[in-house]
Structure formats: structure tokens, C-alpha cells
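Peer 1: model this:
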Amino acid sequence: MKNLYLILLFVTGNIYCQNISDIKNLDTIFVYFKENSLQVKTVLPANNKGFRRWYIIKFEEKNTLEYLQFWVSDYPSSERREMGIKSDYRLVKKSYLRRNKKKTISVDFFKKYGVFNSTYEAFRECKVIYIIDKSEAKNRRIPIYEVSISSSFIMGE
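Peer 2: Numbers count the residues shown, from 1 in each chain. Sure thing, here's the model as predicted:
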């Protein structure tokens with residue numbers, strides 16, 4: 001009987017599949033970043049105006065190098081600069097990330113759908129993109145940064 005309860009626990013848990021159609025309808029997306037040889041973070045000095053940090057995710061596909069670049073700047077767009085609304089930065093608890101689990105994607109999502117489809121199809125309607133930088137976690141709080149995105153593809157290709 002205990003085995004049956006364990007099986008039911010695993011089957012009825014939070015099981016969901018992220019696909020482009022689900023992500024496409026979100027207004028906010030969280031991108032999990034884990035620094036390694038293919039995920040590179042560059043942090044600029046605090047006195048630097050404008051761009052403060054870059055997050056680059058590289059994909060080696062069939063002798064080509066594709067990448068996604070996320071950058072944190074004072075203002076994520078020219079419209080927000082005119083309105084005086086700065087980029088969002090927060091320290092959040094793990095519980096916040098668990099509540100937003102269905103809005104969180106990782107490198108596997110980009111690998112599954114490809115850089116072009118995942119960028120221009122999934123992010124087209126998205127209003128806000130955050131990077132979850134777990135490497136900077138302190139006192140059980142994880143920083144999330146509002147970012148802008150670009151890729152190795154140019155619109156219209």
C-alpha cells in the first residue's frame with residue numbers, strides 16, 4: 001500500500017511540459033542562468049553608465065555558433081527611458097521562483113526549439129524577461145534582473 005501512495009505522489013505532482021505555445025502567451029518569462037563554459041556572465045564596474053552586465057548563452061550547432069545575449073541596463077527600452085522607469089532588480093526567495101515555475105525556462109528550452117524559434121516565436125509577445133542568476137544567491141535570496149534580449153539571428157532571416 002505504501003508503494004501505491006508513493007506512485008500516486010509522483011504521478012500527481014507538478015508535472016508540466018514547457019512548449020512554445022505556453023511560453024508565447026506569458027507576459028513575463030524567467031530565464032535560469034547557470035554560469036559555465038557555454039553560459040558566460042560579464043559584470044561591468046558600478047560607475048559604468050548604461051549597460052551593467054551581459055549574460056551570453058552559446059549553442060554549438062552543426063559547425064555554427066548561435067547565441068543569445070541578455071543585457072541589464074539602466075533602462076530596458078527607449079520608451080521606458082522617456083517615462084523614467086528603470087530596469088527591475090529584486091532579491092527573491094526560492095518560494096517566489098517555485099510559484100513562477102511555469103514561467104521559468106532554461107537552456108534546455110532553447111536547445112529543444114532552437115535559438116531562432118525560441119527567441120522570435122516565444123518571446124515576441126513577452127513584455128518582461130528576467131534572468132535568474134543563482135550564482136549570486138545570498139542568505140537564501142536569489143537575484144533576478146530585468147533584461148533585454150538579442151540573438152545571433154537578425155529579424156527577417
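
Peer 1: Let me see the ranges of the strands in the protein.
Peer 2: Along the chain, counting by DSSP state E, strands occupy 28-33, 39-43, 51-61, 64-73, 89-93, 104-105, 128-133, 141-151.

Peer 1: looking at those strands, which is closest to residue 119?
Peer 2: Residue 119 lies closest, by Cβ to Cβ, to one member of the strands of the chain: strand 141-151, at 4.6 Å. Glycine gets a C-beta too; all of them are placed from N, C-alpha and C.

Peer 1: which strands and helices sit next to that closest one?
Peer 2: Packing partners of strand 141-151 (3 or more Cβ pairs under 8 Å, 6 or more residues apart in numbering; DSSP states H and E): strand 64-73, strand 89-93, strand 128-133.

Peer 1: hmm, back to that, dump the strands of the chain to TSV, plus distance to residue 112 and mean neighbour count.
Peer 2: Formatted as TSV, the strands of the chain follow (distance: least, Cβ to Cβ, whole Å; neighbours: other Cβ atoms under 10 Å):
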stretch	distance to residue 112	mean neighbour count
strand 28-33	14	20
strand 39-43	16	14
strand 51-61	11	16
strand 64-73	14	17
strand 89-93	26	14
strand 104-105	10	18
strand 128-133	18	20
strand 141-151	16	18
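
Peer 1: quick one on the thing from earlier: which one of the helices and strands packed on strand 141-151 lies closest to residue 104?
Peer 2: Nearest of these (Cβ to Cβ): strand 128-133, 7.0 Å.

Peer 1: can you give me how far that closest one is from the chain middle?
Peer 2: 5 Å (Cα atoms, centre = their mean, to the nearest Å).

Peer 1: same deal with stretch 55-64?
Peer 2: 16 Å.

Peer 1: Turn the strands of the chain into TSV, including mean pLDDT and distance to residue 121.
Peer 2: As requested, the strands of the chain are exported to TSV (pLDDT from 0 to 100; distance: least, Cβ to Cβ, whole Å):
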stretch	mean pLDDT	distance to residue 121
strand 28-33	92	13
strand 39-43	90	22
strand 51-61	82	16
strand 64-73	84	14
strand 89-93	94	28
strand 104-105	92	13
strand 128-133	93	14
strand 141-151	89	12
